[in-house]
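*Asks:* Output the structure for:
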Amino acid sequence: MDIVDMIVHVDETIPREKMHELEDVVRADACVISACSLNENPHLLVVTYDPACTSSGKVLDAVQAQGFHAELLGL
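*Replies:* Alright, predicted model coming up:
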């Protein structure tokens with residue numbers, strides 16, 4: 001299986017608890033292997049996924065569907 005790592009930059013400053021909820025939403029996609037935010041930079045969400053069954057665009061859509069402004073950053 002191929003895997004892809006990506007970083008989503010969330011524009012808003014959100015409380016740690018809200019970021020954990022966002023991680024859970026992203027991980028709900030069966031094709032997402034992991035999703036975690038960085039303590040030293042809470043605006044960044046690192047996501048690992050299987051590109052055979054989802055895409056970076058779908059992951060970004062899931063974040064934006066929660067009402068956040070976000071964009072993809074390259075690794």
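
*Asks:* who are the neighbours in contact with Glu23?
*Replies:* Taking C-beta atoms under 8 Å, 6 or more residues apart in numbering, we find Glu23 in contact with Ala35, Cys36, Ser37, Leu45. (Glycine included, C-beta is placed from N, CA and C.)

*Asks:* average model confidence for the strand or helix carrying it?
*Replies:* Assignment of secondary structure by DSSP states H and E places Glu23 within helix 16-27. Across helix 16-27, the average pLDDT comes to 94.

*Asks:* What residues sit buried inside that helix?
*Replies:* Under the neighbour-count criterion of 16 or more other C-beta atoms under 10 Å, helix 16-27 has Met19, Leu22, Glu23, Val26, Arg27 buried.

*Asks:* How about stretch 56-68?
*Replies:* Of the residues in stretch 56-68, those buried under the neighbour-count criterion (16+ other C-beta under 10 Å) are Val59, Leu60, Ala62, Val63, Phe68.

*Asks:* just the residues you listed now: which is nearest Met1?
*Replies:* Distance from Met1 was checked for each of these by C-beta to C-beta. The minimum falls on Val59, at 16.8 Å.
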